[in-house]
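Visitor: here you go, sequence then predicted model.
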4 protein chains.
Amino acid sequence: MNDQSYAAVPLQWVGPVRITGNVVDDAVDVPLATYETPLWPSVGRGARISTLAEKGIVATLIDERMTRSILLEADDAYTAYTTVQALTGRMAELQEVVAGSSRFARLIDLHHQIAGNLLFLRFEFTTGDASGHNMATLASDHLMDHILSTMPGVRYGSISGNYCTDKKATAVNGILGRGKNVITELLVPREVVEQRLHTTAAQVAQLNIRKNLIGTLLAGGIRSANAHYANMLLAYYLATGQDAANIVEGSQGITHAEDRDGDLYFSCTLPNLIVGTVGNGKHASFVDENLERLGCREDRQPGENARRLAVIGAATVLCGELSLMAAQTNRGELMRAHTQFERSTTSNGSPR
Amino acid sequence: MNDQSYAAVPLQWVGPVRITGNVVDDAVDVPLATYETPLWPSVGRGARISTLAEKGIVATLIDERMTRSILLEADDAYTAYTTVQALTGRMAELQEVVAGSSRFARLIDLHHQIAGNLLFLRFEFTTGDASGHNMATLASDHLMDHILSTMPGVRYGSISGNYCTDKKATAVNGILGRGKNVITELLVPREVVEQRLHTTAAQVAQLNIRKNLIGTLLAGGIRSANAHYANMLLAYYLATGQDAANIVEGSQGITHAEDRDGDLYFSCTLPNLIVGTVGNGKHASFVDENLERLGCREDRQPGENARRLAVIGAATVLCGELSLMAAQTNRGELMRAHTQFERSTTSNGSPR
Amino acid sequence: MNDQSYAAVPLQWVGPVRITGNVVDDAVDVPLATYETPLWPSVGRGARISTLAEKGIVATLIDERMTRSILLEADDAYTAYTTVQALTGRMAELQEVVAGSSRFARLIDLHHQIAGNLLFLRFEFTTGDASGHNMATLASDHLMDHILSTMPGVRYGSISGNYCTDKKATAVNGILGRGKNVITELLVPREVVEQRLHTTAAQVAQLNIRKNLIGTLLAGGIRSANAHYANMLLAYYLATGQDAANIVEGSQGITHAEDRDGDLYFSCTLPNLIVGTVGNGKHASFVDENLERLGCREDRQPGENARRLAVIGAATVLCGELSLMAAQTNRGELMRAHTQFERSTTSNGSPR
Amino acid sequence: MNDQSYAAVPLQWVGPVRITGNVVDDAVDVPLATYETPLWPSVGRGARISTLAEKGIVATLIDERMTRSILLEADDAYTAYTTVQALTGRMAELQEVVAGSSRFARLIDLHHQIAGNLLFLRFEFTTGDASGHNMATLASDHLMDHILSTMPGVRYGSISGNYCTDKKATAVNGILGRGKNVITELLVPREVVEQRLHTTAAQVAQLNIRKNLIGTLLAGGIRSANAHYANMLLAYYLATGQDAANIVEGSQGITHAEDRDGDLYFSCTLPNLIVGTVGNGKHASFVDENLERLGCREDRQPGENARRLAVIGAATVLCGELSLMAAQTNRGELMRAHTQFERSTTSNGSPR
């Protein structure tokens, strides 16, 4: 291993984005690092809309947890079943094991699956300001040791059994929870819809049904209905030192829009935002600066900085989603926007 | 828009990876940019294994195409149906429209879905050395104009109807194709399995069944069975200037392993690799250098550099997948490896 | 094997259902056999609505095929790939093999998947008036023999590789086609919506978005968005001698509704209707009578009776779907309807 | 509505099937009603195998519940969230509401999903010996009334929001539970595998990986990996008066097989068996007789007859699955078996 260097991904600050709700009440600029630089003006347009709505983007955080599923081989299905029964009755003991593995990890729930004689145990933790992958793995390692030494009839299968599920698009994460579950809502007044987005609430709502709901369904999507959450998440995750491979599950989310007497109700439900303000990737100086500018380096209760980071990310997703959806209601607009932006950036020779 | 800067994602070259097959016969170092730096030694271990197998990693490219689905509103289902019938009979005409939109885009196939009166047309193109998102969108824009002006009874719905499918985990991409479909295979001799991977072929094959196949299935995964393709793809995409949001569909792939008389047959099927050597993100100087060092800046037929890039990426995925799978067959190994690596990198204080 | 008898599933004729479109122009009674007898009045209500709409239910058949996927083990992925290449170039030869296996089976397309060294070949046939399971299996058996004796490097894996896909809910059947693909549409005038369904077009359209599209998505559904297609299909399949296990894929379909100035546009897209008028189960005398009364025993071109049967079934599905959806827009209506109907049927003691 | 009659579905008793485990210890004949009569000898072969294994089929029931999800429209996501918080803290109160709706229904858990301002509440009940559809709907009706009258800010959406999920193939039922979750396991001695199934444990295990796991995955299946559970469930459900539309979710299950030193470990995991011994369809005299002969009309604690019925059904599924899987390991066997059986039954002209 040698010649370390860096991939310099172009980064720009966009905003401010106006956010209210149960975690943040602020107007914040957000950093987006991406090679797909037309994303910047697109999110920027959404951000401007957020400042024109009475409450801005209302972001509600409804859950948070990090998970790891271990895999055990049992003598048979009945042994797997009785093992689950026993462990369910010993949660306090398991919580103690976890507490001994980390200052921040706390075991909050346990789910399972049994297939034949295979037992999958899904441990669910809160992990303070860390996204928690390593904390959850370490805690699960301790839990594995504890279980193997106290429960007869089960053997080591794997420290991860893919029922977690990490960096794969599945249904379990949305159903049982993994990462931060944030819902963002924006009520865009009719005249803003018309003048800034050049469309109508009815058109956006209709496109959402046809493209995001029906189109994704026809494609064989799983628990997802949106235009391009992945783009915003990638850019935000890279800019804030996150493990951007988590956009795989992070981008599974649901855009829901309604025409409310001409005003546009636009919401993005993001059940699997996986972000942290401490841990891998957070020591780089530019990450540190970005987190500070985002207001996520304050002296708060453990977890609060990470929740703020998640909520700002979720609001950023809404900005980009709204902008693209509005554009696609108009024939030819998307291609024109791309072409114009690329022409403008080529002229100044900047690295797209 | 102002204060542009960069997200400096740590990058290291790993390898060489030994590759043979219908596109590449070479031993190449690969660049990986990631905040999750334990990935480097993990892929590195897989790379070393590739050099100890007779043919190295045999990578077979079996398909390539870029897609865009437009959405049309038809008068009714019957009109949608007759529109499809008519267009299917006019492929040559549509191909001419596409040829007029770009020097490189070529329309190779057309699929459709009808739901009620909604018509989704999925155009499939080859796009030379570009990953082809913009080329496909531009071509689809021309096709849309052509269809709307020649076919009665259909109206503009959206330039993208999510049946493409771009940056979402769905079934359609694997079934109809999107991006480059590459299968990698490695036959690891028994003694290499034991001495370098500290496991056996039987254990790896069994873990693959239980974790990647059954575990992902239980989680409600869609067309995917692997441990962590997303990690390698993210790092490789960032290092080579790709739109890394495409790891969402790229990471849907299948690991298949067999115990062949003690030797380990290990394969990764990656049906949706979306990479290019020209286009957005490829002008940055470090990207240019990295592509050159990968041998993807040669004067070849259009498409050949991109195919080489895809195949090297697929081989890299196998290296990381093999290494992690082997590690997870052994209780405690994963946590030890992480801890050791992080201790070693923390000691010099650098932000890996 | 002994003591054969019968399961006597209660059957009633409901209708007439008014149908137009590219296969049927008629008003037909339909037989429904089910233990869930409240289905009868529910479908009956929808049938009455169909007679009050100008064109009735417009049913468009857009595709038909029966499929079987064989599984081959290849020496390696490259051999699998070249095998596909070779077979694709020999379609005429394969079609001859199929023609030799049956008077009615015709090979119309061939798709494939390669995973590692495994090759799945999906043969697609038309099968006349038969649903075609056995015809497709027999033809595939011949194709398997032919391939194994002419292509080196591939070996028998399975006569069915589950990529068909038979009686499982998957994405491939909707994307590539299996069975008859029928779309039904009904435009219900505003006053009929109000007086007969006691609701509004807006309410039905909204419920469809929330329940069928979003609710199913949240549940982790695959390519499906409807309230209860399975109920109607089961009853219709049993009454007409079909293999009712095919409701598994048959019930994957999409309800799409729109408020059109107060009128209700209501459509059901059923891509995987698997029915036949000949074959297993069709010899029973009551089946024979039911098929005759449905007009599916006429002396027509091969396939026409089966297409008529499919289209009537699809229209029946719409009747039941519309009725239930309308009921669920009103708080308390479903429970009241069930209770009333069950009370009325219990009173005469018959096992409906 | 008139002219009620019956669909006479051919029924035969097959067996005995030898079953042990935490619910049944018995050898029982099972009734199968189907138009696909080759199913009888196929299940029969599996049944004979069960009698040659030491413990027979070991069936473990690990969970049971019936579910209904209501849909509420909330003022906004935050109101939806606080509603969930409040209800979670009032489980005792909700349980009382349910107890008032039925003698047998008991509320055991509550899950939710929030998407935008839409709130889906999934109520989970035990329902005694009934499959529980109506009991759950009635209880949910009461719960809906209670919630709407006590919680401000939420309005009626639907009595069913498809997050239940009834008669659709989804992920939620397997993850959260719906119906009876039964795992069956059979250890077939090597000589029985060879002499009765004409195959080897290694071949069956390999075919299971390739066909059921990988093949279904490639097809875009959701939480399912088996050859033909739907066939056995349909026949068993019809013969015992069940709502056979529930085979849609019932047939989502996992076959897992292992070569254990030449013996074959074969298991079927069926998480969503929905059966009852009372309720709709159970009053027909043949159903009554069949349930009695199955030993499911005994005077036991509420729920015990239904659990017995579920476990026998699950064992029957294993019999048919094992037989078909073994057959498909041998080239040509499936077609020969079908042809022979059909010739034998055609000769006597009866409509089996």
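Guide: That came through fine. Because the structure is a prediction, the values reported are computed rather than measured.
Visitor: use CA for all of it now, contacts and neighbours both
Guide: Will do.
Visitor: which stretches in the stretch 251-352 of chain A count as strands?
Guide: Taking DSSP state E, counting those that start in this stretch, the strands of the stretch 251-352 of chain A run over residues A:254-260, A:263-273.
Visitor: so which of those is nearest chain D?
Guide: strand A:263-273 (5.5 Å; CA to the nearest CA).
Visitor: let me see the contact set for the residue positioned nearest the centre of chain A.
Guide: Central residue of chain A (CA atoms, centre = their mean): A:L273, 1.9 Å from the mean position. Going by CA atoms under 8 Å, 6 or more residues apart in numbering or on different chains, A:L273 touches A:178-182, A:250, A:310, A:314.
Visitor: tell me which residues form a beta bridge with it?
Guide: Beta bridges link A:L273 to A:K180 when assigned by DSSP bridges.
Visitor: what does the stretch 251-352 of chain A put close to chain B?
Guide: Residues of the stretch 251-352 of chain A that fall close to chain B, judged by CA under 8 Å from any CA of the partner chain: A:251-252, A:280-281, A:283-284, A:286-287, A:328-332, A:334-335, A:351-352.
Visitor: a markdown table for the contacts of A:L273, including pLDDT?
Guide: As requested, the contacts of A:L273 are exported to a markdown table (pLDDT from 0 to 100):
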| residue | pLDDT |
| --- | --- |
| A:R178 | 98 |
| A:G179 | 98 |
| A:K180 | 98 |
| A:N181 | 98 |
| A:V182 | 98 |
| A:G250 | 98 |
| A:A310 | 98 |
| A:A314 | 98 |
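Visitor: what's the biggest helix in chain A, counting residues?
Guide: With secondary structure taken from DSSP state H, chain A has its longest helix at helix A:304-328.
Visitor: now check it, is it near chain D?
Guide: No. Judged by CA under 8 Å from any CA, helix A:304-328 stays clear of chain D, getting no closer than 11.9 Å.
Visitor: confirm A:V14 sits in a strand?
Guide: Yes. A:V14 forms part of a strand when assessed by DSSP: H, G, I helix; E, B strand; the rest coil.
Visitor: neighbours of it, how many?
Guide: By the criterion of other CA atoms under 10 Å in any protein chain shown, A:V14 has 26 neighbours.
Visitor: that one against A:V43, yeah?
Guide: Yes. If you go by CA atoms under 8 Å, A:V14 and A:V43 touch, sitting 7.2 Å apart.
Visitor: for chain A, what lies in contact range of chain D?
Guide: Counting by CA under 8 Å from any CA, chain A sits next to chain D at A:60, A:62, A:76-78, A:81, A:113-116, A:171-172, A:175, A:183-185, A:220, A:254-256, A:267-269.
Visitor: work out for me the element A:L207 sits within.
Guide: Counting by DSSP states H and E, the element that carries A:L207 is helix A:201-207.
Visitor: what's that helix packed up against?
Guide: Contacts defined by 3 or more CA pairs under 8 Å, 6 or more residues apart in numbering or on different chains; DSSP states H and E place helix A:201-207 against strand A:254-260, strand A:263-273, helix A:304-328.
Visitor: make a markdown table from those and add distance to D:A136 to it.
Guide: What follows is the helices and strands packed on helix A:201-207, written out as a markdown table (distance: least, CA to CA, whole Å):
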| stretch | distance to D:A136 |
| --- | --- |
| strand A:254-260 | 28 |
| strand A:263-273 | 28 |
| helix A:304-328 | 36 |
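Visitor: can you map out the strands along the stretch 101-250 of chain A?
Guide: Counting by DSSP E, counting those that start in this stretch, the strands of the stretch 101-250 of chain A are A:106-115, A:118-126, A:154-158, A:179-188.
Visitor: so of those, which one's packed in deepest?
Guide: strand A:179-188 (a mean of 28; mean count of other CA atoms under 10 Å in any protein chain shown).
Visitor: what angle do it and helix A:304-328 make?
Guide: Angle, strand A:179-188 to helix A:304-328, by axes from the mean of the first three to the mean of the last three CA atoms, to 10 degrees: 50 degrees.
Visitor: who are the packing partners of strand A:179-188?
Guide: Using 3+ CA pairs under 8 Å, 6+ apart as the contact test, the elements touching strand A:179-188 are helix A:39-51, strand A:57-74, strand A:263-273, helix A:304-328.
Visitor: again, 7 Å this time
Guide: strand A:57-74, strand A:263-273, helix A:304-328 (3 or more CA pairs under 7 Å, 6 or more residues apart in numbering or on different chains; DSSP states H and E).
Visitor: what about stretch A:315-322, distance to the chain center?
Guide: Its chain's C-alpha centre and that of stretch A:315-322 lie 13 Å apart, by CA atoms, centre = their mean, to the nearest Å.
Visitor: what's it in contact with?
Guide: Here stretch A:315-322 makes contact (CA atoms under 7 Å, 6 or more residues apart in numbering or on different chains) with A:42-43, A:46-47, A:57, A:59, A:184, A:227-229, A:232-233, A:268.
Visitor: correct me, but A:N226 touches A:S251?
Guide: No. Contact between A:N226 and A:S251 fails when scored by CA atoms under 7 Å: they sit 8.4 Å apart.
Visitor: more neighbours, these two?
Guide: Neighbours were counted for A:N226 and for A:S251 using other CA under 10 Å; A:S251 has more, 30 against 25.
Visitor: so who does that one touch?
Guide: With contact set as CA under 7 Å, 6+ apart, A:S251 has these partners: A:229-230.
Visitor: about what we covered before: outside of the helix holding A:L207, which residues touch it?
Guide: Contacts for helix A:201-207 (CA under 7 Å, 6+ apart): A:193, A:257-259, A:262-264, A:325-326, A:329.
Visitor: one more time with 6 Å, if that's ok
Guide: If you take CA atoms under 6 Å, 6 or more residues apart in numbering or on different chains as the criterion, helix A:201-207 is touched by A:257-259, A:262-264.
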